[in-house]
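A.B. asks: make a model of this:
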Amino acid sequence: MSVHSHSAASHQDTAAPEFPRHVVTAVIVSHDGARWLPDALAGLLGQERPVQNAVAADTGSADDSARLVTEALGPDRVLHLARRSGFGTAVDEANRTAGVLTPEELPYLKRPSGWDPVSRSWRDDAYDLPELPHGEPEQWLWLLHDDCAPEPGALAELLRVVENEGEIGKDVAIVGPKLRGWYDRRQLLEVGVSIANSGRRWTGIDRREQDQGQHDHVRPVLSVSTAGMLIRRDVFDQLGGFDRRLPLMRDDVDLCWRAQAAGHRVLVAPDAVVRHAEASSRERRTVDCVGRTSTSPHRVDKAGASYTLLVNARTAVLPWVLFRLVVGTVLRTVAYLVGKVPGQAVDEVAGLLGTLLRPGRIVSARKKRGKSVVEAAEMRPLFPPPGATVRATVEQVAGNIVGRSDPEAVTGAGRHGAVETGPGGDDADFLEVEQFARLKRIARKPGPMLFVVLLFASLIACRELLGSGALAGGALLPAPADASGLWSRYLDAWHPVGTGGTQSAPPYLALVAGLSTLLFGSTGLAVTVLLVGSVPLAGFAAYFASRPLVESRLLRAWASVAYAFLPAATGALAGGRIGTAVLAILLPLMARAGIVASGLASSEGTRGSWRATWAYALLLTLATAFTPIVWPIALVLGLALLAVRRGDITAYGLRFLAGLGTPLLILAPWSLSLLPFGFFREAGLEFGTGSASALDLLGGSPGGPGTVDGLLLIGIVLAALAALLRTERQSAVRTAWVVALVSLVFAALSNGSAWAGPATLGYGIALLAAAALGADGARTRVAEQSFGWRQPVAVLIAFAAAAGPLLVAAGWMIRGADEPLERRDPVQVPAFVAEESGTQDQARTLVLDSESAGQVAYSLVRGSGSRLGDSELADAGDSNQHLDKIVARLVAGSGADQADQLGGFAVRYVLVRDGAPRQMSRVLDATPGLTRLSQEDGSALWRVDLQVARAAIVPETGDPSPSSQLRSSRGDPMPVAAGPVELHTNIPAGEEGRTLRIADAADEGWTATLDGRPLTRTTLDGWAQGFELPATGGRLDVTFEGSAGHTGWLWAQGAMAVVLVVLALPGRRRDVDDDLPEEAVIPAQPVEGEGRRARRLRAQNEQAAAEQAAQEGAVPEGAGTPPPPPPPPSEEALASVPQQQSQSYEEWEAPAHAGADYGTYEGGEQQYQGAGYPAGSYDQSGYQADPYQAGQYDPYAYGGAQGGAEQYEQPYDATYGQQQPPVPPRPPQPPHSPDSERPDGSQQ
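C.D. replies: From the prediction side, this is the model:
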């Protein structure tokens, strides 16, 4: 390809363009871009400051792209490359082929001849000018995509920045425009671009951020996009063009980074605007330049980011960059898997490995780039600030979780995470109005307001539960000091509770520990949130879950408040029942998931989704861990559903197994220990069982502290019964009643042996659901009937249903939520006893509690007292019959060696709780070896007159009795320093036959070594763990090692829990294309009926029109009737394609540059003279519909000149893409003065 020049004489009188010394060669690369090329070519050829040369490179397009660029630029200015050619390859080839325009080809660059044709004389002042009056020409490349359309002034603004910088002595090598959306022309895409150490493309712009001029200032940036990049040609050649290892994405960052390292400046010119469709990254077309087949853009971008970082980062920070890159890839891969986007997870890994597994390419590329001439401190501001990408990621995750659909609301889920500076100019005038609009939006969403009100009420009621100390009392034991204590209780194979054991820990400990970990390890805060926050969280969950149930927000708010103040919820808080409190939060969500999973939410009878099934299984697992009774209730309801869905038993049978079997599997082996009658227990101590009457249960009250009589909520029961009279939605009402009756049966069954709170919660929420269904539209139904007994009864029921929860709430707030729950010191024994228990002896305390002389309860306490979960561990462990006999004899006063036998269990103190019979204290006072110390708060304390320790070395003895082993003829036992579980100490040498005795139950998991040599395990006293010791001393190490099955099951349990969470969570929302065409306006449809206000306004308008017509002397015909619709356009009108008037080149050009000539096309035709385009050579038909974009495009065509005029003809179809009637011309508007008023009332 060559550029033909004309004689200088033919250009002597042509005017020079703006910034004449800058010679710009435009390079546009096309690849299946026919849908965008018309606008792109129109933008290129319609520049106010035109380019001097234009070259196109088509990379094997399968559509009309090659034809479009050929017709626009001429066949000699179009390169045809292979389909797998990348963008950089195409630009390099175009740069090599396009010639460099010289002053001989651009005569306006040379000194004028001085001949004045008007005066027919020579002008001497022309000879005073230099040979090149505008200076030495500077060659530029303007890179354009086929999917980007520059605004008419884009090139002029780019050159203006270059010229302004040059005037102050600063050279610019690369300058880029501001990118906006293709359809949404106010949406910002990029104003410069950078890259983070994790490989993230960083623009500093929020997703869907609108251009309000907040980024309009020229500034240095690391890189600018190749869509509209203006780069000096000598710099491009010096850098060697684009890196061939980056065929498509991140090539702009790499090129500009290399330019920065070479000492060149890269600026962004925000006044230059280019619209960009981002066709490849938005998957609007395939990527064919990588591999033998089309490749995912995500994989190409990941590989390009990894390569760009590794080849351009400084050597000193390369290890850190590699670490961030790998860790970021792993985290994003996990996030994609959790979001159920395995394809993008594979792209992440494949993109990184595709770069790392080719280290030779990285090494050679780093050698080629060499050492940067710019200091690291100078380039550091060009990269994202520390923590910026983390904040953006958190905001994006939060936006995905919230799932808001309002584009104006999702500013935090940003594309690249930046903060908008705010409105400017006239937009600031409406800021106050917008603030009031935001308040109105908040008022229209009562969910958050409901939570705030309930939280306020809960804080008032729990005023005595806030402060220092630990929550304890009722069914709640104090929580350990930090989350590690809970984790160890759940994960450890050996539980130091009582005499110890390997029983399964309750799974709710792991859940509370997880919440504590999220709350910075504070177990006290986690328990406070679950208990004190249970009422507001339950109400908010109920409001959220009731969204598909009824449309009325008032009904939903009433049902949520009534649910939050159910007696079971308030009683759980007062009684410290953490299991029921958590169930109150989970139950509404579980009910909604169960309805969706069972297909009951669909009126069309479609099957429930598997995601809803897994969500139901997850919530049921969590609820079962705290309150196991929900599982048998769910089992009965599931069997009932199978009976209803027996026609599709296979599909629902699988869902039934998944929903009911998952909790048993994940919570095993603890869940298996509940069979068959252990499901009636809940988390915590057994407290207050069987205290509800039949009337209380019928009213939804389980009885106990913090509850009210069931009669107070009888209005809810009556409202639910009244719902059965409704003719519509009978299926939903009956389903709610089935759930209520099943829950009521289980409440009655559990009332005799446990607290009925969990079952009454299910009963209450089912009644509220039925009542809300019945009340939905009840006002209209009652009003339609003639006045009778129904109206008063409905009013009474509504009043009772509404007043009951309000009275409960008021009484709860006045009375308070404490008693027996309180905030106190977690130490349950005297302070000095707790302190001695923490020494190396690890002494224990025997706590006796009895309300009658015939029955005594005891517990073997370690340390300062029992903690959360210890009661379940003690109940699940095997009872020690030896200790049972010792306690029975001790209380009965039989035998004289009880103190010695207590020493065998490392018992140093005996504590009798307040309320025990006085006879017990007199017996203990008379027991030899026990000394009474004190009596505090009604509790009495005795000390064992014997040196006891958890671990001791016992000399050899022939008597197997505990007392003889503790006191042998050869000497007393020697205490050994020990910890709560393990022993690590030094022991001296001794006699043969001695034994190490540990006051813990014998188990095969115990191992002991002396200087690394294993010791023989033995059992002492029929229950205690012992080891045979040699006569030599040394380092003694005693540990407990759990079985491989225990460890493996914990890992499997964690993996199944993670899989369940992933299956239950909603999938990652596919990135919605933010730049889509506007939807067609749908005309308003007439609706049946109208309100009184509408009728009054219509009558007023009709009267005003009639009066005006009467004043004019004629009444308009058909007044008050709507005008007839316009007739549809005829087929001929729709088939015609009107053309715009031809626009000459001078009309495209700025007035100051009219007549300028900047280069020629081959064949002797000037570049911007459209006479060379034959009429009709451009196809006037519409382009093929874009499957990704449903909007219309502006076709661009070129026709021949008429009458010798040099012009571009642009046929435009006003009805392209849709059947629309012709738009009537807009009536002329009067000119606006500076003080004229806008239609909205504001001043101009």
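
A.B. asks: could you list the domains of the chain?
C.D. replies: Using automatic domain parsing, the domain ranges for the chain come out as 8-391, 449-815, 832-875+888-1040.

A.B. asks: can you pull the contacts of Gly199?
C.D. replies: Shown in contact with Gly199 (Cβ atoms under 8 Å, 6 or more residues apart in numbering): Lys302, Ala305, Ser306, Leu309, Leu325, Gly328, Thr329. C-beta coordinates here come from the backbone N, C-alpha and C atoms, glycine included.

A.B. asks: what about the fifth one, how many residues nearby?
C.D. replies: Leu325: 23 surrounding residues under other Cβ atoms under 10 Å.

A.B. asks: from Val317, how far out is it?
C.D. replies: Distance of Leu325 to Val317, computed by Cβ to Cβ, to the nearest Å: 12 Å.

A.B. asks: pLDDT added to the contacts of Gly199, as CSV?
C.D. replies: Compiled in CSV, the contacts of Gly199 are given as follows (pLDDT from 0 to 100):
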residue, pLDDT
Lys302, 92
Ala305, 93
Ser306, 94
Leu309, 93
Leu325, 92
Gly328, 89
Thr329, 92
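
A.B. asks: mind checking which of those are in strands?
C.D. replies: Judged by DSSP state E, the subset of the contacts of Gly199 located in strands is empty.

A.B. asks: what's the closest of these to Leu455?
C.D. replies: Closest approach between the contacts of Gly199 and Leu455, by Cβ to Cβ: Gly328, at 37.6 Å.

A.B. asks: hmm, Ser306 and the closest one touching each other?
C.D. replies: No - Gly328 is beyond contact range of Ser306, at 10.2 Å (criterion: Cβ atoms under 8 Å).

A.B. asks: between the two, which is the more surrounded one?
C.D. replies: Shown here are Gly328 and Ser306; by other Cβ under 10 Å, Ser306 has more neighbours (24 against 20).

A.B. asks: which residues sit in contact with the nearest residue to the more buried one once chain neighbours are set aside?
C.D. replies: Nearest non-adjacent residue to Ser306, counting by Cβ to Cβ, 6 or more residues apart in numbering: Thr355, 4.1 Å away. By Cβ under 8 Å, 6+ apart, Thr355 lies in contact with Ala303, Ser306, Tyr307, Leu310, Arg361, Ile362.

A.B. asks: now with 10 Å, please.
C.D. replies: When contacts are counted by Cβ atoms under 10 Å, 6 or more residues apart in numbering, Thr355 touches 245, 302-311, 325, 361-362.

A.B. asks: overlap in contacts, Gly328 and Ser306.
C.D. replies: Common contacts of Gly328 and Ser306, defined by Cβ under 10 Å, 6+ apart, comprise Gly199, Leu352.

A.B. asks: looking at this, the residue nearest to Ser306 is in a strand?
C.D. replies: No - according to DSSP: H, G, I helix; E, B strand; the rest coil, Thr355 belongs to no strand; its state is helix.

A.B. asks: give me the below-cutoff pLDDT ranges for the stretch 1-150 of the chain.
C.D. replies: Where the stretch 1-150 of the chain drops to pLDDT under 70, the residues are 1-15, 111, 113-117, 122-131.

A.B. asks: where do the helices of it begin and end?
C.D. replies: In the stretch 1-150 of the chain, the helices defined using DSSP state H, counting those that start in this stretch lie at 37-45, 65-73, 87-97.

A.B. asks: fine, thanks again, bye for now.
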